[in-house]
Structure formats: C-alpha cells, structure tokens
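*Asks:* The following block contains a protein sequence and its predicted model.
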Amino acid sequence: MKKLSLFAIIASSLISCSSSQNKSKSENLIETYAQTINAEELKEMLYIYASDEYEGRKTGEPGQKKAIAFIKNVYVENGIPSPISENDYFQEIPESYFHHGIKASENVLAYIEGSEKPDEIVIISAHLDHIGISSDGEINNGADDDGSGTVALLEIAEAFNEAKKAGNGPKRSILFLHVTGEELGLYGSSYYTNVDPIFPLENTVADLNIDMVGRVDAKHEGGENYLYLIGSDRLSTELHDLSEEINKKYFNLNFDYTYNAINDPNRFYYRSDHYNFAKNNIPVIFYFNGTHADYHRPSDTPDKINYEFLETRTRLIFATAWEIANREERIKVD
Ligand SMILES: [Zn+2]
C-alpha cells in the first residue's frame, strides 16, 4: 500500500467527516458496506471457480458438483444460513425435470432474513453452471459466463451479512439464488418459479440477475465503466428510477440500454434467468457486459476479467438491492 503523509491522513479524515455529516444514515451505510466488496476477493474466488478443476461446470456433471460445494462453503464459512433447512443449501432438481439426458442437478440458496418485513423477498440471482468440456477436450472455464456473476453474488451476500451483524440488517429478506441448468435452457430458475418457489412468488419484490459482468465488449473497449441493463423499466417504473438514482448518486457507470429495446434482435431479455421471474410479473433487472470473442469458448478465462470494473459493478448491484430491500414501501408494478 502506498504510504500516506500525516497531512494527507488528517486532511482526508476531515473531508470524510464533513461529507458524512451531510449524508443520510442510509447513504453512509450503503457506502460503508459497498466498500467491503473488493477486487482482490472477487479475483481470488474467480480463479478457483473458473479453474480447470471445475471442468466447465456442466449441469449434472462432477465439475458442477464441485461448483455447488464451493458456493455452499462460502456461505457456511460466513455463517449465512439456508432458507431450506439447517445446513442444506441445495434445492435438488431431479433428472426427470431435465431433457436430453441431463443428470440431476442443484440450485444453491442462502438468505438473510429481513428485520422488519421478513415476508417480502428480494432475489439476487446468478447461474452457477456453464457448458463443460468441448468435444476436442478443451475446458470452457466460463470465467465471465457466469463465474463473474457467481462471485459478485457471493460478495454481495457477504456485504449484507456484515451489515446484519452490525445491526443494520435489511428490512426485507434477501435470497441469494445460484441457479443451475441456465446454459441448457434456464432449468434452475424455471424449477424455482414453476415447481418449488421456496418463498411465495407474490411476496417476491424483484429479481436482480447477474450474468456476465466481468468483461468489456467491443463497443466499449477503452472506454469508461459501463453495464447493459435489460428489463428495468418493463414492469416497474419505480425500479427503473431507483436504479438510475443509485447509479448517479454513487457510481456513475455508463448505463447502456441498447439491448432493452423491445425489438432488439438478440432478445437478451428472454435469454437469462430473470425472465422466469418477469414472466410471473416480478420486476427484474438483468446486468450484462455484452458478448465478446471469448463468449462460450475455452478462452473465457479469469485472466481476461477487468477486476476493477467487476468491483464497481458488484457494488452498484449491492447498492441497488440495498435500496429495494430497505425503502419504506415495496416497489410497485405498473
Ligand atoms: Zn450466462
């Protein structure tokens, strides 16, 4: 770490002191806990999660079982409970639910109970699976897709947990939902919404879905930090406005809504797990960095992730979830 002069330390503490006096308590809390999310931890986890040992995390295969064990372990180590039953973090999806010879698989769930409105649930989701090993034997590590979303979700959970431990728990409950079978047809999220919603869908306030947030696409190469947001204004104007406000206030990322256009030919709105929630009239935001040359190839590796961007994007999603979970009234569908 760079050395600071005594003068710099005094000056900076004076500045932070005077600025904190002008901020609301909630703003201070958001900034404090967002800072627990950091590039080093994201990187450390992603280098494990997207290593060859996990064999591309194909649904139902041994590499995917290693992935769920890794995720569960992070929750156990942090003392973040499962909503299913004590120490059982896996929502088992039987082989019969899948097609084309896919074997039984698991979603991984953890949650933090709300302090004031525990029955209202905010979901943050990311898919845990990827596409496995190519026919020529090359491993698809899926560092961006969706190792980036997976480690982001874990860091967000840790940030909320730190807040809760200090008595600053969210008013509403938060479900950290790692879904399986995304690459093969959004199986894990459809199992959750259609077969076994652990919490009633009518009590589910929103789903923030994170799928590929660690890279920079060709359009934004060399530019400032950005994110594509998809779906934010489709069911709730309030969600869209809140998301914009949080960004402007704390992060100022360049939000790109290109893929949110109703007639966008890529149809990304229908292509990741948030769609199973949107279908059920639950407001969603899908966070995405766009595709790149390494998309669904063995070259989607952790050395190509922009960890500084990933850190800020993760903090943004955390702050947005914080606002949804803590604001006085539940966000409205309109
Ligand atoms: Zn994905």
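*Replies:* Yes, it's here.

*Asks:* How about stretch 295-302, which residues are buried there?
*Replies:* Buried residues in stretch 295-302, counting neighbours by 16 or more other Cβ atoms under 10 Å, are found at 297, 298, 300, 301, 302. (Glycine included, C-beta is placed from N, CA and C.)

*Asks:* just stretch 199-213 next, same as before
*Replies:* Across stretch 199-213, burial judged by 16+ other Cβ under 10 Å covers 199, 203, 204, 205, 206, 207, 208, 209, 210, 211, 212, 213.

*Asks:* Could you find which two of those are furthest from each other?
*Replies:* 203 and 212 (28.8 Å; Cβ to Cβ).

*Asks:* Point me to the residue of the stretch 151-300 of the chain nearest the ion.
*Replies:* Residue of the stretch 151-300 of the chain nearest the ion, by Cβ to the ion: residue 211 (4.2 Å).

*Asks:* I figured that residue hits residue 289, correct?
*Replies:* No. With contacts counted by Cβ atoms under 8 Å, residue 211 stays clear of residue 289, the gap being 9.3 Å.

*Asks:* Okay, and residue 321 sits in which element?
*Replies:* In this structure, residue 321 sits in helix 307-326 according to DSSP states H and E.

*Asks:* of all the residues in the stretch 101-250 of the chain, which ones are close to the ion?
*Replies:* 145, 146, 211 (Cβ under 5 Å from the ion).

*Asks:* For the residue lying closest to the first one once chain neighbours are set aside, which three-state class applies?
*Replies:* Right, the one you point to is residue 145. In space, residue 145 comes closest to residue 212 once its chain neighbours are excluded; the distance is 5.1 Å by Cβ to Cβ, 6 or more residues apart in numbering. Here residue 212 is recorded as coil under DSSP: H, G, I helix; E, B strand; the rest coil.

*Asks:* Can you name the residues that contact residue 212?
*Replies:* Under the criterion of Cβ atoms under 8 Å, 6 or more residues apart in numbering, the neighbours of residue 212 are 144, 145, 146, 148, 149, 288, 289, 290, 291.

*Asks:* Can you report how many residues lie near the fourth one?
*Replies:* This means residue 148. Number of residues near residue 148 (other Cβ atoms under 10 Å) recorded here: 33.
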